[in-house]
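> what follows is a predicted structure for the sequence shown.
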Amino acid sequence: MIPSPLDAALRLRLQTETDQLQPLHRIAEIAADLPELKPGQTFTARIETALPERSYLARVGGQRITLQLPASAQPGDEMELVVVGRAGKLVIARQVEAIHQAPDENAPYAFTRLSPTARLIAQLLPASGRSAPPAPLGQGAPLLAAPPAAPQAAVALAPILAQAVKESGVFYEAHQAQWITGRLPVETLLKEPQGRHSATPPAPAAQAPAPPTTASAPDIAAANERPAAAEPPRATLAALPQIPDELRPLVQQQLEAAASQRVLWHGEVWPRQSLDWEIARDERRSAPDTPAETHWLTKLSLTLPRLGPVDARLRLGARGVEIALDTAADSVAAVRAAAPQLAGALGRAGVPLLDFQVQVAHAAAAAAR
């Protein structure tokens with residue numbers, strides 16, 4: 001039987017007059033502050049409600065708090081936690097059972113949140129124990145069309161090698177900082193592989209001419225230095241939605257060079273004359289209480305028409321350069337005879353020759369074993 005509207009109104013009035021209607025109870029608010037938990041203190045949390053992204057409402061000491069757990073949990077679960085740290089209103093705790101287990105140093109922190117730039121770098125870094133693949137530069141073209149015709153013409157090779165390293169793209173961000181401060185023309189910046197993938201930027205307001213390129217190792221290494229007053233370039237990896245496929249090996253080489261402070265270059269200096277070139281930074285202290293001295297280590301490996309295979313190791317510092325050569329047995333005498341000429345040329349360049357050693361290549365390899 002369906003009651004009439006008049007009957008319904010009479011019943012509602014009767015319940016109101018006899019105080020049969022119960023008032024609504026106010027819902028308890030979630031406490032704004034966490035309990036006073038100190039590092040080392042243990043407490044028990046009871047899961048009440050599951051929230052998105054492994055977050056849960058739990059009750060601790062009569063208060064409702066929000067927990068974020070590395071593993072899933074169910075309402076009604078109880079867990080014993082111990083406080084390991086506190087930052088403002090954030091309490092960092094771990095399960096008591098997990099503390100007694102042997103910690104895994106390789107296990108990532110459960111609550112790690114990486115920025116887009118960090119995630120991009122993580123994708124570009126090679127796997128542990130592996131090296132980044134070499135980045136092809138210059139489409140494999142030799143630096144010189146033909147070998148130098150005279151010994152004096154070999155001097156022209158030094159600035160060409162310096163230019164090859166400078167325009168390789170490994171120091172692109174440092175060159176951006178130089179361009180921002182007006183110490184590098186934009187045309188030079190656009191010659192690098194990254195620059196060829198970017199739109200032509202406007203020139204700085206006050207642009208100074210670029211310093212001349214020299215052949216000394218400190219000037220080559222200076223391409224990796226950033227001026228103290230220069231603001232870091234705003235064009236970062238995070239600004240790119242994706243790294244072009246042809247630039248990925250180069251960016252990987254940049255990351256490896258920044259981590260190891262070493263640059264490897266392999267190519268042809270002229271047709272059928274390949275060169276393996278390594279530049280590394282080395283800081284040593286002559287005594288524990290003395291400041292560190294910066295040295296640049298350079299290694300060259302090539303095969304010359306007259307001397308055969310030659311491995312040259314140079315250690316350049318503020319006081320001068322030390323050179324060690326490994327060559328074929330029948331070339332040792334000729335190399336040693338030319339030592340005074342080499343020392344004179346270095347002296348005229350302002351780089352004193354501190355030490356010069358020549359030994360047979362296979363003897364050096366045997367000693368290394």
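Done, it's in. Residues are numbered from 1 along each chain as shown.
> for the rest of this, base every contact and every neighbour count on C-alpha atoms.
Fine.
> which residues does the residue nearest to residue 77 when sequence neighbours are not counted bridge with?
Counting by CA to CA, 6 or more residues apart in numbering, the nearest residue to residue 77 once its immediate chain neighbours are dropped is residue 47, at 5.4 Å. Beta-bridge partners for residue 47, by DSSP bridges, are residue 58.
> check contacts around residue 47.
If you count contacts by CA atoms under 8 Å, 6 or more residues apart in numbering, residue 47 has them with 56, 57, 58, 59, 73, 74, 75, 76, 77, 78.
> name the nearest residue to the last one, sequence neighbours excluded.
Same thing as residue 78. residue 46 (4.4 Å).
> count of residues packed around the one you found?
Neighbour count of residue 46, defined by other CA atoms under 10 Å: 19.
> try residue 165
For residue 165, using other CA under 10 Å, the count is 19.
> how close does residue 183 get to residue 174?
11 Å (CA to CA, to the nearest Å).
> equivalent analysis for residue 63, please.
53 Å.
> do residue 333 as well
43 Å.
> swap in residue 117?
18 Å.
> same question for residue 316.
22 Å.
> what about residue 63 and residue 174, which has more around it?
Each of residue 63 and residue 174 has its neighbours counted (other CA under 10 Å); residue 174 has more, 20 against 16.
> the more buried one looks like it's in a helix, true?
Yes - counting by DSSP: H, G, I helix; E, B strand; the rest coil, one finds residue 174 located in a helix.
> what's the domain layout of this protein?
For the chain, automatic domain parsing gives the domain ranges 42-100, 115-126+154-260, 261-369.
> in whichever strand or helix holds residue 118, what's buried?
Using DSSP states H and E, residue 118 falls within helix 116-124. Across helix 116-124, burial judged by 16 or more other CA atoms under 10 Å covers 120, 121, 124.
> next up, the contacts around the second one.
With contacts taken as CA under 8 Å, 6+ apart, residue 121 has no neighbouring residues.
> contacts for stretch 344-363 next, please.
310-311, 319-329, 332, 335-336, 339, 343.
> so which residues of this protein form helices?
Under the criterion DSSP state H, helices of the chain are mapped to 5-17, 96-100, 116-124, 157-166, 172-180, 186-190, 217-222, 248-260, 332-337, 339-348, 361-368.
> just give me the lowest mean pLDDT stretch among these.
Sorting those by mean pLDDT places helix 217-222 lowest, at a mean of 33.
> what about the chain, any weak spots by pLDDT?
Along the chain, the model assigns pLDDT under 70 to residues 1-35, 70, 86-91, 97-112, 136-140, 151-154, 199-241, 286, 362-369.
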